[in-house]
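Undergrad: Using only what follows, build the 3D model:
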Amino acid sequence: MSDAKKTFTIDDREIDIRPGETIFRAARRLDIKLPHLCYSPKPGYRPDGNCRVCMVEIEGERVLAASCLRTPTPGMKVKTQTDRAKTARKMVAELLITDQPAIEVAHDPDSELMKTVRRLKAEPGRFPKRKAAEVPKPDRSHVAMAVNLDACIQCNLCVRACREVQVNDVIGMAGRGHLEKIVFDFDDPMGASTCVACGECVQACPTGALMPATMVDENNVYKGKPDRAVDSVCPYCGVGCQLTYQIKDDKIVSVTGRNGPANENRLCVKGRFGFDYVHNPQRLLKPMIRKDGVPKVPHEFIDPSNPWTHFREATWDEALDRAASGLKKIRDREGGKSLAGFGSAKGSNEEAYLFQKLVRAGFGTNNVDHCTRLCHASSVAALLEGVGSGAVSATFNEVKNSDVIIVIGANPTENHPVAATFFKQAAKKNAKLIVMDPRGQALKRHAWRMLQFKNGADVAMLNAMLNVIVSEKLYDQQYIQTYVEGFEAWKESVKDFTPEEMSPICGIPPDTLREVARTYARAKAAIIFWGMGVSQHTHGTDNARCLIALSLITGQIGRPGTGLHPLRGQNNVQGASDAGLIPMFFPDYKSVEDPETRGQYEKAWGVKLDPKKGKTVVEIMDAVHHDEIKGMYIMGENPAMSDPDLNHARGALAHLEHLVVQDLFLTETAVYADVVLPASGWPEKDGTVTNTNRQVQMGRQALPLPGDTRHDIWIIQELANRLGCGWNYKNVGEVFTEMASMMPALANISWDRVEREDSVTYPVDAPDVPGREVVFDKGFPRPGGFAKLVATKLQPPDEVPDEDYPFILTTGRQLEHWHTGAMTRRASTLDALEPSAVASVSRGTIAKLGIAPGDMIRVTTRRGTVELNSRQDDAIPDGVVFIPFAYVEAAANLLTNPKLDPFGKIPEFKFCAAKVEKAAPQMEAAE
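TA: Alright, predicted model coming up:
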């Protein structure tokens with residue numbers, strides 16, 4: 001055919017034909033809204049055509065066509081409003097409504113089915129109902145979701161949601177004919193199935209057969225429509241899913257996913273069901289001051305529901321005056337270096353910017369840090385050194401353009417579940433997914449190759465791959481000459497790391513190392529993702545240097561589907577770091593020791609600034625023990641749970657002369673406070689956050705502040721002014737504007753733009769163009785535009801197993817819980833799903849200990865002991881124990897090694913020597 005534009009008509013209106021677009025989608029462009037039940041016009045959903053409620057008539061064709069499936073041809077004439085088409089659609093609706101529960105006991109009278117029935121004016125009664133014995137019974141076995149298959153129309157949307165969108169493959173169809181039904185796994189109750197509670201099926205269901213449990217009563221009858229909806233962004237992991245709060249009587253009753261760039265409507269169990277923490281009865285509602293004469297005792301437990309044993313209520317003026325005067329007294333007596341501040345990656349960019357400004361301008365020190373020091377500090381150190389930027393070079397969505405994907409030292413299905421859906425989808429489309437981790441994981445079943453290497457042997461394995469690429473000349477010589485410096489010297493550093501030499505060290509056969517190295521180097525587009533399994537080592541920076549070298553020498557960076565992407569742990573780790581909440585950098589990673597940069601900030605802020613870099617998280621705790629730091633301000637961080645060697649950390653907190661804590665709850669850290677300031681939860685304030693993709697996203701206030709709580713921005717400013725700063729920010733937008741003016745990375749991103757667009761990816765080349773998802777296409781932000789290769793050497797973990805401590809302890813997160821559990825363990829659904837601490841060990845370890853899965857075990861290191869239930873996990877190697885760190889009753893970080901990476905100053909959370917024993921049964925007291 002000619003190149004003339006191809007068109008067809010819908011209801012006599014001409015419209016162009018677009019590749020792959022169906023009649024249904026084309027009609028939407030003309031604002032013709034055809035009914036749909038088995039089809040969801042959302043990203044990731046393919047049409048199925050089984051419900052037939054979207055039927056249209058096509059001129060010259062004998063039968064009606066399902067518009068969700070049919071694609072148009074040039075000259076085709078489609079009619080949507082003929083009597084025949086309307087009658088067919090109405091009859092389908094009547095058939096479907098016949099077997100539905102009566103409207104007065106409907107599970108969701110506002111469902112898509114009910115809306116369709118009302119629009120088509122369909123009435124039940126013309127067709128016989130199925131027998132009562134054939135109606136599936138309700139299933140309320142799951143804490144988060146209600147299953148009522150009496151409303152199911154077998155549209156298969158939930159099957160596609162589970163199998164194709166989230167790629168979990170829990171839901172299927174079983175039975176035949178009129179006895180066909182939806183099943184979970186092998187027709188198990190939902191609560192007993194392998195469901196991970198992402199809730200995608202609930203969001204997809206058009207009938208109310210699958211509902212959030214919060215939306216129906218105990219009889220499965222609809223509780224009523226929410227009063228209002230507010231768009232925001234999830235406050236949990238670094239993926240940054242956009243969502244909508246559904247609110248009734250100023251309570252969040254459910255959450256739905258939105259079509260944000262990072263999630264395309266998807267959520268995980270935390271994002272969908274983890275929001276009632278803001279309504280928890282343990283919420284702090286008034287400022288508190290420590291009672292006179294009440295000492296601070298390391299490891300002392302204070303009931304968060306009854307803090308009055310140690311604290312008394314105070315007015316805001318009294319609490320703020322007490323907080324500021326204690327800090328000011330120390331500053332004026334001993335200088336700013338005697339103070340420190342921990343900010344939060346759980347808060348907004350604006351809060352992070354103001355917090356670090358307060359510490360630098362109000363305290364007079366650079367002793368400011370946050371949890372990035374415990375997450376990706378070594379990754380950022382290596383990235384700044386190697387490519388000149390600590391941010392990711394490509395969004396994780398770029399896997400759609402990759403033919404090889406490496407995931408190393410990360411467990412995305414548990415820690416970044418929505419990002420994992422894109423990895424799994426890419427694997428289904430024949431991308432080669434290579435998973436590298438000492439611990440097996442759910443992503444393994446989607447992998448082309450799984451390299452389950454020995455704990456702590458990352459450098460050996462990665463250098464072996466680099467050796468193969470160099471020795472077989474698989475590197476990209478032209479790319480190296482154009483964009484990389486130091487190649488010849490670096491090349492010498494890997495010549496001894498042959499696969500044969502490294503295989504006994506890392507545990508991966510030489511042929512597998514060669515195969516994976518060749519596959520990565522020869523890929524058209526390959527991308528690397530890594531997590532804290534790479535970074536939380538004393539050699540974490542070297543681990544990241546190896547990954548950077550893989551990308552640089554093969555030219556797998558700067559193009560679609562390529563790049564380096566450290567998956568960020570918390571919702572605003574990227575943004576908080578960008579905003580300067582770290583001791584050696586001003587915002588935008590400008591050195592505090594650079595006179596020109598410091599001069600710019602002194603001019604802008606109107607105050608002299610400390611010319612020396614400050615101390616990091618663990619260094620601050622050491623300095624407290626040495627009486628160098630005597631006062632601290634901690635906002636939204638919980639070092640009494642997150643720091644390594646909690647005996648040391650809690651001892652430091654108890655030793656402080658003055659501690660101010662700003663948080664939602666009486667956390668394990670707030671126990672040691674002199675003043676506790678009740679803060680705002682994420683759904684209670686406005687502000688931006690920056691996710692792992694470099695996307696600056698808008699969070700909006702959805703709920704009123706409870707009790708006498710205050711917005712964090714207000715609290716920071718009030719404290720700053722009591723320390724003499726003289727600030728007068730009227731709203732969050734003013735803070736963003738100042739912050740952006742000091743950060744070239746945020747050029748062309750205004751508060752109004754983020755408010756209008758919801759999400760803007762940096763860097764942005766102009767105010768009216770989208771941001772760049774892939775960077776470094778024309779070189780690197782380093783001298784001459786060159787990236788830098790850095791040689792690495794084998795370095796064992798600081799503490800290796802021996803006769804006394806023969807096991808390896810490693811720590812991390814679970815799907816249901818996040819960070820130190822301060823929020824998720826106060827979210828009723830999440831806590832019900834994982835209510836207690838467990839230690840995951842192998843089948844072999846369980847047999848060796850002579851216990852049954854679930855029995856109590858004792859885990860001991862040179863720093864402490866915890867007792868907790870065992871859990872058999874066949875993904876764990878023999879001789880390894882994994883403990884999540886969210887449980888105060890069995891705090892994993894009582895055990896962990898505080899030894900630091902020399903470059904990133906990050907502790908070795910992922911490896912220490914441990915002893916694992918059967919715990920003696922606990923004796924119950926006689927009555």
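
Undergrad: ok, I302 - how many residues close by?
TA: I302 has 18 neighbouring residues, counting by other CB atoms under 10 Å. Any C-beta I mention is one placed from the backbone N, CA and C, and that applies to glycine too.

Undergrad: Quick check, it in contact with Y672.
TA: No. Using CB atoms under 8 Å, I302 is not in contact with Y672; the gap is 9.7 Å.

Undergrad: ok, D542 - contacts?
TA: Taking CB atoms under 8 Å, 6 or more residues apart in numbering as the criterion, D542 is in contact with 382, 459, 792-793, 795.

Undergrad: Kindly reformat those as JSON lines containing pLDDT, secondary structure and neighbour count.
TA: Below are the contacts of D542 laid out as JSON lines (pLDDT from 0 to 100; DSSP: H, G, I helix; E, B strand; the rest coil; neighbours: other CB atoms under 10 Å):
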{"residue": "A382", "pLDDT": "95", "secondary structure": "helix", "neighbour count": "31"}
{"residue": "V459", "pLDDT": "97", "secondary structure": "helix", "neighbour count": "23"}
{"residue": "T792", "pLDDT": "96", "secondary structure": "coil", "neighbour count": "24"}
{"residue": "K793", "pLDDT": "94", "secondary structure": "coil", "neighbour count": "10"}
{"residue": "Q795", "pLDDT": "92", "secondary structure": "coil", "neighbour count": "15"}
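
Undergrad: any chance of those residues in JSON lines, with distance to A579 too?
TA: Putting the contacts of D542 into JSON lines (distance: CB to CB, whole Å) gives the following:
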{"residue": "A382", "distance to A579": "21"}
{"residue": "V459", "distance to A579": "32"}
{"residue": "T792", "distance to A579": "31"}
{"residue": "K793", "distance to A579": "35"}
{"residue": "Q795", "distance to A579": "32"}
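
Undergrad: L567: which of these is nearest?
TA: Of all the contacts of D542, the one sitting nearest L567 is A382; the distance, using CB to CB, is 15.1 Å.

Undergrad: so that closest one makes contact with F903?
TA: Yes. Using CB under 8 Å, A382 makes contact with F903 at a distance of 7.4 Å.

Undergrad: Find residues that contact each of those two.
TA: T541.

Undergrad: quick one: which of the contacts of D542 is nearest to G599?
TA: Distance ranking of these against G599, using CB to CB, places A382 first at 28.9 Å.

Undergrad: Which residue, neighbours along the chain excluded, lies closest to that closest one?
TA: Take A382 and drop its neighbours on the chain: the residue closest to it by CB to CB, 6 or more residues apart in numbering is A544, 3.6 Å away.

Undergrad: again, but for A526
TA: Nearest non-adjacent residue to A526 (CB to CB, 6+ apart): V404, at 3.9 Å.

Undergrad: try D496
TA: Going by CB to CB, 6+ apart, D496 has N467 as its nearest residue, at 7.9 Å.

Undergrad: Could you say which helix or strand holds the one you found?
TA: helix 458-471 (DSSP states H and E).

Undergrad: and the next helix or strand after that helix, what other elements does it pack with?
TA: Of the helices and strands lying after helix 458-471 in sequence (DSSP H and E), the nearest is helix 477-483. Packed against helix 477-483 by the contact rule (3 or more CB pairs under 8 Å, 6 or more residues apart in numbering; DSSP states H and E) you find helix 540-553.

Undergrad: Let me see the mean pLDDT of the helix it packs on.
TA: When pLDDT is averaged over helix 540-553, the result is 97.

Undergrad: ok, and what's touching the next helix or strand after that helix?
TA: Later in the chain than helix 540-553, the nearest helix or strand by DSSP H and E is strand 563-566. Here strand 563-566 makes contact (CB under 8 Å, 6+ apart) with 376, 379-380, 383, 387, 392-396, 398, 527-531, 534-535, 544, 547-548, 551, 556-557, 692, 774, 776.

Undergrad: can you tell me which helix in this protein is longest?
TA: Longest among the helix segments of the chain by residue count, using DSSP state H, is helix 316-334.

Undergrad: Could you give me the buried positions within that one?
TA: Across helix 316-334, burial judged by 16 or more other CB atoms under 10 Å covers 316, 319-324, 326-328, 330-331, 334.

Undergrad: Alpha carbons only: can I get it in CSV?
TA: Extracted in CSV, the C-alpha atoms of helix 316-334 (Å, rounded to 0.1, in the frame of the first residue of the first chain):
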residue,chain,number,x,y,z
TRP,A,316,5.0,22.8,72.2
ASP,A,317,6.7,25.9,73.5
GLU,A,318,8.1,24.2,76.6
ALA,A,319,9.3,21.1,74.6
LEU,A,320,10.9,23.2,71.8
ASP,A,321,12.5,25.5,74.3
ARG,A,322,13.9,22.5,76.3
ALA,A,323,15.1,20.8,73.1
ALA,A,324,16.8,23.9,71.7
SER,A,325,18.3,25.1,75.0
GLY,A,326,19.9,21.8,75.6
LEU,A,327,21.5,21.7,72.2
LYS,A,328,22.5,25.4,72.4
LYS,A,329,24.1,25.0,75.8
ILE,A,330,26.4,22.2,74.5
ARG,A,331,27.2,24.2,71.3
ASP,A,332,28.0,27.4,73.1
ARG,A,333,30.1,25.5,75.7
GLU,A,334,32.1,23.1,73.5
